[in-house]
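Novice: need the 3D shape of this:
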Amino acid sequence: MAGLTRTAGAFAVTPHKISVCILLQIYSPSAQMSLPFPFSSVSQHNRLGLYLLSLTKSCDDIFEPKLEELINQLREVGEDMDAWLTDHLTNRFSSLSSPDDLLNFFNDMRGILGSLDSGVVQDDQIILDPNSNLGMFVRRCILAFNLLSFEGVCHLFSSIEVYFKEAHSSSDQYDAAINNSESLTHYDQMDMENYVMNKANEEIELQKNASGSVPFHLHTPEALFKVTEGLLVTRKEKSRTSKKNTEATPVAYASSSTHEDTLVDKSLFLRTNLQIQGFLMEQADAIETHGSSFSSSSIESFLEQLQNLAPELHRVHFLRYLNKLHSDDYFAALDNLLRYFDYSAGTEGFDLVPPSTGCSMYGRYEIALLCLGMMHFRFGHPNLALEVLTEAVRVSQQLSNDTCLAYTLAAMSNLLSEMGIASTTSVLGSSYTPVTSTASSLSVQQRVYILLKESLRRADSLKLRRLVASNHLAMAKFELMHVQRPLLSFGPKASTRRKTCPVSVCKEIRLGAHLISDFSSESSTMTVDGSLSSAWLKDLQKPWGPPVLSQNSGSRKSSTFFHFCDHLVSVPGSVSQLIGASYLLRATSWELYGSAPMARMNTLVYATLFGDSSSSSDAELAYLKLIQHLALYNGYKDAFAALKIAEEKFLTISKSKILLLKLQLLHEHALHRGNLKLAQRMCNELGGLASTTMGVDMELKVEARLREARTLLAAKQYSQAANVAHSLFCTCHKFNLQIEKASVLLLLAEIHKKSGNAVLGLPYALASISFCQSFNLDLLKASSTLTLAELWLGLGSNHAKRALDLLHGAFPMILGHGGLELRARAYIFEANCYLSDPSFSVSTDSDTVLDSLRQASDELQALEYHELAAEASYLMAMVYDKLGQLEEREEAAALFKKHIIALENPQDVEANMA
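Specialist: The predicted structure is shown next:
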């Protein structure tokens, strides 16, 4: 909802646009112009064309670059011909000696445009297509210049003079051209500020008399000129005093390098409605990208100032709503949202196509309900959010607003997926016809599936490409987490499949990623080119960093070229975030399926390609996955080092993913070291972060309860641990958390195994394996199989061969994709099986047992898992004793004693780890 629509606004000719026109003459010279061709290759010519394409797309940004900034960009883009481009640009400006020269310049610009009836064209002549982006820009500039009055042309010429002087006041080129410029000072003496102010006031009065309201695109220049009120003097005097009399906010000048850089822009050029909307769009994207880490106070002060200057700009209320929403200020967010719809009736500020015929354009009540429902969802009020969204569905159907209906259905499916809602019959069943017409007793899972399919169908028919991609990703997540059960569970057509389909998950993710090529055909009113397309131009001014994959022999020119190529295509931020989210979903799916290398690879792809354009929440998730991978496969030392870097990058506010990860790592480390007091404290802190509202923060609540049961198990309080696990399983069943149920069943099997009740643990292990097979959780299935084998061995040594067969069946998955702890458990259990087998002889095949135990000891050293390490040392001491190797036996016994002492006297190293 961050997108702000860009209504029609005036296109004004500025010195920067004339600079672009001069460069277009170089790119496509007319037949009458005698310009030397400066390009040594076709790639150089295409490179300049791509640069000009981005310049033309960003022509409506609120801040236009100065000539000096443009020259710096040319030096990066032009490579060998940068000096020639710079010289020609400055010489062309110096040749503009009168307003008549501007008229001749724009007449020459007509020659670079092609036409179907243009006559004979030379073979080597390059002509712009009038309907192309570059051709449309030239036509708009020519039309805007032709509409200028003589006073407007004089004002433009004076602006060009200041624009040129500012960049070359100390250069040799300026000294050579100063003689031509000094003779034109009489144009500079014209009091154009008064002319523009009077003209704007006259138009405002006409609009007031006609409609009784002040249009924003006329009111904004007056508001912005208030800052320079009282400074109606000559430009030379203004340049000396503007720094003292002009106020600026950090947000307003975020696109400029210094405070002084923006003074000339603000005093010389009017800001159109299109430019102000573009700036507000940038701020909305920044709020949603950075989330809670965004500086809300700075943007809030600027929005208050803008609201006082232009009270009819209702989008400011919507931006303040977004700011308060991400700052977790519920009451302020609700107040600004209600103000926005009270003042604007929801007719501006949304990325929605116009509704169907018959819908009132004077109010968007259904959009107000959609925003209100999403806000309740954000602040953890699921039942209230579902009621509001259901009402939004009803109003959208009455008003035939199919677009809002598609968005509302997607929001409802997301709500039902994320929040724990046990039943929706009383709320949803009475409003949405496709749901109620099927059956009155549908489960929440089936309702989510129907809502997703219906939203996807409507979004596809309306060509809402971003919503289509988002729905495909939501469908992939649904396919990943749920086994689809048929609506009709009887009859010959009833489906017998009771497993998830990884192929369907992969298909939906790929369909979502197609957005990268389809977003340009979206039938949305939001223009995505503007400021978002010029992001790579701003990157040219940043210092070059080392590439991700670099060779030591590579030159700076090659790295510059690849850095340039990274930004050739203009991709909106929302599109980039959705494509990045598809890679994160790929990583999540590979984690569940048990492929650690594929999960890590997709996370690294996301961090490398989409880290800068992603939201702070997604970036935190990527860091979380990489740190978890380090903890599982490298040990806690590397994980805590990476965690420290992540804490410096992200704010560790309440419920942030980095804070949750830190508590989880501290809990795991404390359990492995035997520090149960610290482990219990971490469990309490995790549980305290979860909301007390039923159905909210279910993932966090399940995680906290799981860790509480594991802590009780480590403390050998088996009955209490079993009670917590049973209660957690009931909760997971109530809220349809299927994958979590498999983990809880495995935990119950572990509790019974350690309590000595192997017979009671077998059904839980088998049930966990059954769940893992249904959801294709291969790594969790291998872990459950290992527990099942341990339970069989617990029944007696006569079951050693069966247990060893089960272990060897899971060995490929455990050794190929398991973490340090799982691999160490498997190695130790394999040694136990051999030693428990009466037919196994230690003296004849001791290496089989010792190799497994040594490997387990190496794995556990990085984890500091004292209990398992002590067991491995004990078994090694037994084997060495049977072999008669006394020295090795004493070394193993010393290690056993060391781990037992460390386990009984744990040290609190939380400060060092944090």
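Novice: only C-alpha atoms from now on, for both contacts and neighbour counts.
Specialist: OK.
Novice: and the nearest residue to residue 96 once chain neighbours are set aside, how close does it get to residue 29?
Specialist: Once flanking residues are discounted, residue 96 sits nearest to residue 102: 6.7 Å by Cα to Cα, 6 or more residues apart in numbering. Distance check for residue 102 against residue 29: by Cα to Cα, to the nearest Å, it reads 17 Å.
Novice: neighbour-wise, which of those two wins?
Specialist: residue 29 (24 against 19; other Cα atoms under 10 Å).
Novice: how near is that one to residue 847?
Specialist: Taking Cα to Cα, one finds residue 29 at 81 Å from residue 847.
Novice: also residue 461?
Specialist: 67 Å.
Novice: and residue 374, by the same measure?
Specialist: 62 Å.
Novice: what about those two, which has more around it?
Specialist: residue 374 (23 against 12).
Novice: hmm, residue 385 and the more buried one touching each other?
Specialist: Yes - using Cα atoms under 8 Å, residue 374 is in contact with residue 385, at 6.7 Å.
Novice: state the phi and psi torsions of residue 775.
Specialist: phi -110, psi 10 (degrees, to the nearest 10).
Novice: in contact with it, which residues?
Specialist: The neighbours of residue 775, taking Cα atoms under 8 Å, 6 or more residues apart in numbering as the test, are 480, 481, 482, 483, 499, 500, 739.
Novice: and for residue 577?
Specialist: 610, 613, 614, 615.
Novice: what's the helix or strand for it?
Specialist: Per DSSP states H and E, residue 577 falls inside helix 573-593.
Novice: show me where pLDDT drops low in the stretch 51-200 of the chain?
Specialist: 60-62, 78-80, 115-125, 167-200 (pLDDT under 70).
Novice: can you redo the contacts of residue 775 as JSON lines with distance to residue 58?
Specialist: What follows is the contacts of residue 775, written out as JSON lines (distance: Cα to Cα, whole Å):
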{"residue": "480", "distance to residue 58": "41"}
{"residue": "481", "distance to residue 58": "42"}
{"residue": "482", "distance to residue 58": "45"}
{"residue": "483", "distance to residue 58": "47"}
{"residue": "499", "distance to residue 58": "50"}
{"residue": "500", "distance to residue 58": "46"}
{"residue": "739", "distance to residue 58": "47"}
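Novice: adding pLDDT, neighbour count and distance to residue 74 as columns, could you present these in TSV?
Specialist: Formatted as TSV, the contacts of residue 775 follow (pLDDT from 0 to 100; neighbours: other Cα atoms under 10 Å; distance: Cα to Cα, whole Å):
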residue	pLDDT	neighbour count	distance to residue 74
480	89	23	49
481	86	20	51
482	81	21	54
483	78	17	56
499	80	17	58
500	85	20	54
739	88	20	55
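Novice: list the buried residues for stretch 142-162?
Specialist: 142, 145, 152-162 (16 or more other Cα atoms under 10 Å).
Novice: which residues touch the nearest residue to residue 380 once chain neighbours are set aside?
Specialist: In this structure, residue 380 finds its nearest non-sequential neighbour in residue 696, 6.0 Å apart by Cα to Cα, 6+ apart. Residue 696 makes contacts with 380, 381, 382, 419, 420, 690, as judged by Cα under 8 Å, 6+ apart.
Novice: reduced to three states, what does residue 696 come out as?
Specialist: coil (DSSP: H, G, I helix; E, B strand; the rest coil).
Novice: any idea how far it is from residue 451?
Specialist: On the measure of Cα to Cα, residue 696 and residue 451 end up 21 Å apart.
Novice: try residue 481
Specialist: Taking Cα to Cα, one finds residue 481 at 16 Å from residue 451.
Novice: and what of residue 68?
Specialist: 54 Å.
Novice: which one of the two is surrounded by more residues?
Specialist: residue 451 (23 against 14).
Novice: tell me if I am right that the more buried one is in a strand.
Specialist: No - using three-state DSSP, the assignment for residue 451 is helix, not a strand.
Novice: what's near enough to touch it?
Specialist: 409, 410, 412, 413.
Novice: wasn't the third one part of a helix?
Specialist: Going back to what we said before, that points to residue 412. Yes - inclusion of residue 412 in a helix is indicated when three-state DSSP is applied.
Novice: that one reaches residue 389, doesn't it?
Specialist: Yes - applying Cα under 8 Å, one finds residue 412 in contact with residue 389, separated by 6.7 Å.
Novice: what pLDDT does the model give the closest residue to residue 590 other than its chain neighbours?
Specialist: The shortest distance from residue 590 to any non-neighbouring residue, by Cα to Cα, 6+ apart, is to residue 599 (5.1 Å). On pLDDT, residue 599 comes in at 93.
Novice: any idea which element residue 599 lies in?
Specialist: Per DSSP H and E: helix 596-609 holds residue 599.
Novice: show me which positions of that helix end up buried.
Specialist: Buried, per 16+ other Cα under 10 Å, within helix 596-609: 596, 598, 599, 600, 601, 602, 603, 604, 605, 606, 607.
Novice: strands along the protein, start to end?
Specialist: Shown for the chain, no strands are assigned by DSSP state E.
Novice: residue contacts, residue 814?
Specialist: So residue 814 contacts 779, 782, 783, 822, 823, 826 (Cα under 8 Å, 6+ apart).
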